[in-house]
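# give me the fold of what follows.
(4 chains)
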There are 4 protein chains.
Amino acid sequence: MRIFENLESEVRGYIRSFPTIFNKAKGAKLTDEQGVEYIDFFAGAGTLNYGHNNEQISKALVEYIQNDGIIHGLDMATTAKKEFMQTFDSLILKPRNLEYKLQFTGPTGTNAVETALKLARLVKGRSNIVAFTNGYHGLSQGSLAVTGNNEYRDESYISRINATFMPFDGYFEDMNTLKYFRKFLEDGSSGMDLPAAVILETIQGEGGINVASKKWLQELEAICREFDILLIIDDIQVGNGRSGEFFSFEFAGINPDMVTLSKSIGGGLPMALLLFKPDLDQWKPGEHTGTFRGNNLAFVASKVSLENYWQNEDLSNAVKYKEKILKQFLEKIAQKYKNEYEIKIRGRGLAYGFEVKNDKSIASELSSYCFEEKLIIETCGSDSQVVKFLPPLVIDEELLKEGLSRFEKAVDRLFKEKKQKLKEEF
Amino acid sequence: MRIFENLESEVRGYIRSFPTIFNKAKGAKLTDEQGVEYIDFFAGAGTLNYGHNNEQISKALVEYIQNDGIIHGLDMATTAKKEFMQTFDSLILKPRNLEYKLQFTGPTGTNAVETALKLARLVKGRSNIVAFTNGYHGLSQGSLAVTGNNEYRDESYISRINATFMPFDGYFEDMNTLKYFRKFLEDGSSGMDLPAAVILETIQGEGGINVASKKWLQELEAICREFDILLIIDDIQVGNGRSGEFFSFEFAGINPDMVTLSKSIGGGLPMALLLFKPDLDQWKPGEHTGTFRGNNLAFVASKVSLENYWQNEDLSNAVKYKEKILKQFLEKIAQKYKNEYEIKIRGRGLAYGFEVKNDKSIASELSSYCFEEKLIIETCGSDSQVVKFLPPLVIDEELLKEGLSRFEKAVDRLFKEKKQKLKEEF
Amino acid sequence: MRIFENLESEVRGYIRSFPTIFNKAKGAKLTDEQGVEYIDFFAGAGTLNYGHNNEQISKALVEYIQNDGIIHGLDMATTAKKEFMQTFDSLILKPRNLEYKLQFTGPTGTNAVETALKLARLVKGRSNIVAFTNGYHGLSQGSLAVTGNNEYRDESYISRINATFMPFDGYFEDMNTLKYFRKFLEDGSSGMDLPAAVILETIQGEGGINVASKKWLQELEAICREFDILLIIDDIQVGNGRSGEFFSFEFAGINPDMVTLSKSIGGGLPMALLLFKPDLDQWKPGEHTGTFRGNNLAFVASKVSLENYWQNEDLSNAVKYKEKILKQFLEKIAQKYKNEYEIKIRGRGLAYGFEVKNDKSIASELSSYCFEEKLIIETCGSDSQVVKFLPPLVIDEELLKEGLSRFEKAVDRLFKEKKQKLKEEF
Amino acid sequence: MRIFENLESEVRGYIRSFPTIFNKAKGAKLTDEQGVEYIDFFAGAGTLNYGHNNEQISKALVEYIQNDGIIHGLDMATTAKKEFMQTFDSLILKPRNLEYKLQFTGPTGTNAVETALKLARLVKGRSNIVAFTNGYHGLSQGSLAVTGNNEYRDESYISRINATFMPFDGYFEDMNTLKYFRKFLEDGSSGMDLPAAVILETIQGEGGINVASKKWLQELEAICREFDILLIIDDIQVGNGRSGEFFSFEFAGINPDMVTLSKSIGGGLPMALLLFKPDLDQWKPGEHTGTFRGNNLAFVASKVSLENYWQNEDLSNAVKYKEKILKQFLEKIAQKYKNEYEIKIRGRGLAYGFEVKNDKSIASELSSYCFEEKLIIETCGSDSQVVKFLPPLVIDEELLKEGLSRFEKAVDRLFKEKKQKLKEEF
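This is a model prediction of the structure:
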């Protein structure tokens, strides 16, 4: 590990939470250089919905490379890109009656977000963007302006681009947060400039697994239509099937003006995509660009993953089935400790949060204990106060249960030690 | 091609210049779906210095995938990452006496630039950044603020982040542009806030192949030291051997505070890297992050390319040798037409520009004619008035000459037609 | 009037509401060129608390001019300035146990606000300022950033300076708006950067006579102390005795870090003043400046007004006495029409609002009808939906009552006509 | 003086340079509380072109006050305002064939500038404003963005509003600075966004008495026309006759789109005015406002000053006559010391600078020595390296000469002492 300490910047993060050198991976398992196996409930922060080294994807990649397929294509036309587009159109857009134009951006989520915000401002001629409390949309300057977490917002470099934060669903007591947003829109002296767009995640992944309800999303869409505001769904972390459907907003029956996709869209490889309604396509040729927007390996991987998982309902059903297992297991733990800890379980699909309301530091401790139990799991929320369950969607039922039982072991051990320590203090 | 017109945004660019669907590639050759072969003098805008599907890289990738190596690693420690870092340190940094910390950013150039600018502002506590006329550093909001080309700067979304543009080497008549910069620094009422950093390319790739001289770079470094300003070299397009040395600034003997790398650093796969002096490493853990900063396939490809090309001087020497061929050929053409056209040839290493001073539209026409001659070549400069020669560094001498002769054919044909047209008008 | 139409910009405003040429004024009366007398319930938007051409002020001004006193002094020391400062200190600050430094800014309210915001940012090293919905602090760029009304915020010139709008007391249903503000402060991912300061009016004059309660102000002060945020009271419109006490915040027992004063502080002449706690005095000499910050005629007028009205409680008592008359009268009208109109009366001291909740256009119509009754009265609120009562503090009881009876006449006439019109429509 | 030290903020400035309490003033003379008389070569930084307590102005003010004329009128129509407008139109605009709309802004220069910049952005729909090195336009946030001096631009509060600084006439060696500006406009990749307007002083008063030539101004106007950029002349300090003509730009025969006026326009009282061409009058009623934009005392004073000084050429001729005296005298001194000091004399009308090129600290020392000689004179320039001569335009020839001889005495004494000190050091 010394090489990392010597050469890599202090900015390094996950390597501190999971201090070992990983070597191989398959499905929901990671193996380190010592051969120790870990169950992966983090899945590359949502990038590995189809698992590590998914058999079909790996096979397709190897074949493509061995055939000297185009690897890097800028935004030139390539066979791989064409086939990805056709597949995405026929398997994802058409069946959902979605008519979107595709824009390939630099292959990072933040680039897709930057692109969406630029286009929204261009089309509407307004500079303000409404984001929501605890929203996370990336850290380049444009995206940072709509990312709430102040750990990323040092005074010296915070983004002074026009953005307004509104309270997310359920943010403040029992307030109807959209009624509040509406008040700011209707009141000409609220201080909020009419926004070009709102941007949000339907499930806030980094923000603490905060789940927007169907009703709230529908009301938000109605507000957007009424006030001529574009609705941007950032589906980078919770799209690609994470919620049980391909897009996380499908359950609500809404029709966003723009959708950002990244993470698992490339089957584990770097790729990002912006979808928007055809009438918004007001770009001049080349107006927004980026070197790696034609990562053809990702197109190949993406096409294979779409073909394997989105031709039928199997994956969706599996996610819903596994969600039940996950949810019941976590609620059981919450129940077990309800006299000592106020534990909140929340989530949708295979994105779940486990929050101990009366002790914010527990989540980070649990992540460490889990690592000792050979389970990779991360925290989220503004104080890292939520344990975040984000297993590959394709995880076996058995492995899921094994992972959960490792989690329970970690919980039991930690809570026991805490009790012991408390006793000793008296 | 209709699938692209129907589904892809109007923003698409290169597909318009090179309207065919590419299928395979090898070295400096691209093949389209009809089996037509093209010589590639564009090389993924500098991403394919080691050629398409470089034999050793492809082999390593296939092997890595087949062994279930970690593909996506966030910023966790992996064997592939460790080995890349060791290789980069021992083959690139150590031999050049460079002591830098490495920061892996999202795998796009603009992300590396955003990171550099944030860190500079954080360390110095100043918001202004000095960029140069015709500089190009990317299109996310932070980078856009230091990118000069107004085709990317629509009023609705231009970045209003503190940045000042100074004239690049040779920008205005015979003015010593650094003396002018110095005057702005020394004059407390110039209106320029003391910058945290200057950022520049030593050869402006998008800006028109404008080459900074050794003397100018040294003088700039001296100014930075004198006024406590960080010197950031953006080596995304012209680093990785493009200039004949690994870093484009080596020839000047300067020691930048930060260096951004991307494009060819990943051996053709998406990767970006920020280097900075250890005393600047003032990040908090996780303060700047991004999903794809651990693209392990790129680490594998990068390691192989470093091992193959940077253990000795062979590549450097080859670049210098081919530069001569390229330069002489272009100058010969310039000479041939000197009575009708004022043609300027300039460049360094294997980055050359061919500019017809008295007719700005010729470059774009030439690019089209070259495409008909089965040569892929792009333009650059604020008015796309410069033909840009950017072949893979590993191109065979023969293929280079063949490409050049196709270029000459295109020139001859175009100029002849223009003459003919002129005649007809009288 | 034609000269105004021909020569003055379309931006002219009040001349449209009160279309006559005024010639003379005394106390609470204005006389136009035709000799018609008007009662003034507007008082220069709060500039004429001591009445037009206040006898003692006029006498002092004439004497000063005739003695060749310094008229314009930049910020040099003058006898008039010295005497103003001594008087302000002994009659206003000392008796209230307030220890403030004085800064003379350009003689407009917006300049005092700009100065306060610059100093707050300088001292705290943070860029964000929290303002409140419906707040009005001026229209130069710094002040505009904290002014809510979008009639002043065209996209082309709105201020993109860091500012966050929080809901004012009573803004949204029965929400405790400060609990909401606190939530944003406590939640590290709310998207609100820790502000350098909050700025507010205790009674929002332009915003619709929204009155902050004692409890709310105390809670706000407590929040500011807890989170190390500066508390700036903008007392430009409702200071100088308007609320019944010299400062509008005295009743709440709070101790702001900064206070802006303008309007009546100069006895009707242009003057503005910033007060701040001594430890905030971190300016360098000359760091914020302005030509007319030494308007000595205003110092003379101010000193006289302080001596005449703030040596004892008489004015305060008179304001409270007249407030009762005003309030009861307005409530009587509200009562009279309660079956047809939902009329809300609110205010403090001699700043009162009369709002017809179910018909926003009535206020402007009333202002016009009042003008016909020879009563000058303006509207406020984001939709000009509130009639604003702002008579000179020194108005005679009789004249106040006469003005009110003119208002009632206007109300009666308008409501009668509306009824008639409604009937006719059926 | 202790009252100032105790109560006034550290920001106080001129009181430090001229440490006495002034009591009375007449014409070009100031008298302090001890009865000591000073000659005033500062004239309220250009506010007192017509002298202190100008007989006719004082008389008119007293009469107006005694007649209970409207003192404060917001932007309502008043007799005094009407008469000012008629007078300004007939004596200033009409004879010069200038067709401008008048906008009365808050009575400070910075407010007029803010208004001009907002209107320019509104009309052109572009955010960038070009200002010039060493320009000074005020310190509220909008104006600060175009003010060059970094003593006013602390990182914590500097204005991050879009502005670009171009080199003023003669700024850099023998470069044609407008050719450079043109290059930035013509080059689409210069990084300068097409500006809505340029703003400049024809003689930079605070910036060091830098004088733009006729040719330069004409060329600048031509550039503005060619590129559809508004031309704003900030005539706050050097308008109102200071240059010998009413507007400082008349000599160049240019026709600015907007002109800001303040300082002497109100005859010594706070007043500011924005002039613009009728087609730019795109404000909505009330869109830009401010409490003191109807300072009727200033309208009265202004009207009297226009009637007394601008009905004929007398004042203009007197200024030109006195300019000769001033210039010759200063050049004589420069000549006297040419072996020891490189002294530069420059200026136009009665705005002159005296700069010792080889010792920047001398100007401030001279100002102190002059004060001891009972001469009030200030410095300017980014390092306060220029002594600025700005006497009232109406100063008697005799008093002018007496003031100059006091200046010479100060110079002689300072230079002698410096020589002596130098000797002692050896």
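# which residues in the stretch 301-426 of chain A form helices?
Using DSSP state H, counting those that start in this stretch, the helices of the stretch 301-426 of chain A run over residues A:314-336, A:362-372, A:397-425.
# same check, this time on the stretch 101-250 of chain A
For the stretch 101-250 of chain A, the helices defined by DSSP H, counting those that start in this stretch cover A:109-124, A:141-144, A:177-186, A:214-227.
# just to revisit the earlier point, got the helices of the stretch 301-426 of chain A as JSON lines, with mean neighbour count columns?
Yep, even glycine has a C-beta here, placed from its N, CA and C like the rest. As requested, the helices of the stretch 301-426 of chain A are exported to JSON lines (neighbours: other C-beta atoms under 10 Å in any protein chain shown):
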{"stretch": "helix A:314-336", "mean neighbour count": "16"}
{"stretch": "helix A:362-372", "mean neighbour count": "19"}
{"stretch": "helix A:397-425", "mean neighbour count": "15"}
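# tell me which of the ones you listed lies nearest to D:Gln141.
helix A:362-372 (42.0 Å; C-beta to C-beta).
# what helices and strands are in contact with the closest one?
helix A:14-17, strand A:351-356, strand A:378-380, strand A:386-389, helix A:397-425 (3 or more C-beta pairs under 8 Å, 6 or more residues apart in numbering or on different chains; DSSP states H and E).
# one step back: so which of the helices of the stretch 101-250 of chain A is nearest D:Arg182?
Nearest of these (C-beta to C-beta): helix A:109-124, 28.6 Å.
# hmm, back to that, could you dump the helices of the stretch 301-426 of chain A to a markdown table with mean pLDDT and distance to A:Asn67?
Formatted as a markdown table, those follow (pLDDT from 0 to 100; distance: least, C-beta to C-beta, whole Å):
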| stretch | mean pLDDT | distance to A:Asn67 |
| --- | --- | --- |
| helix A:314-336 | 98 | 28 |
| helix A:362-372 | 98 | 40 |
| helix A:397-425 | 96 | 34 |
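# okay if I get these as JSON lines plus distance to A:Lys24?
Shown next, in JSON lines, are the helices of the stretch 301-426 of chain A (distance: least, C-beta to C-beta, whole Å):
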{"stretch": "helix A:314-336", "distance to A:Lys24": "24"}
{"stretch": "helix A:362-372", "distance to A:Lys24": "18"}
{"stretch": "helix A:397-425", "distance to A:Lys24": "16"}
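# out of the ones you listed, which is closest to B:Tyr321?
helix A:362-372 (53.1 Å).
# contact partners of that closest one?
Contacts to helix A:362-372, defined as C-beta atoms under 8 Å, 6 or more residues apart in numbering or on different chains, come from residues A:17-19, A:38, A:41, A:341, A:354-356, A:376-379, A:381, A:384-387, A:406-407, A:410-411, A:413-414.
# which among those residues end up buried?
Buried by 16 or more other C-beta atoms under 10 Å in any protein chain shown: A:17-18, A:38, A:41, A:341, A:354-356, A:376-379, A:381, A:384-387, A:406-407, A:410-411, A:414, out of the contacts of helix A:362-372.
# which residues of chain A lie near chain D?
Residues of chain A lying near chain D by C-beta under 8 Å from any C-beta of the partner chain: A:Arg160.
# what residues go with each domain of chain A?
By the assignment in automatic domain parsing, chain A contains the domains A:2-53+A:314-425, A:57-309.
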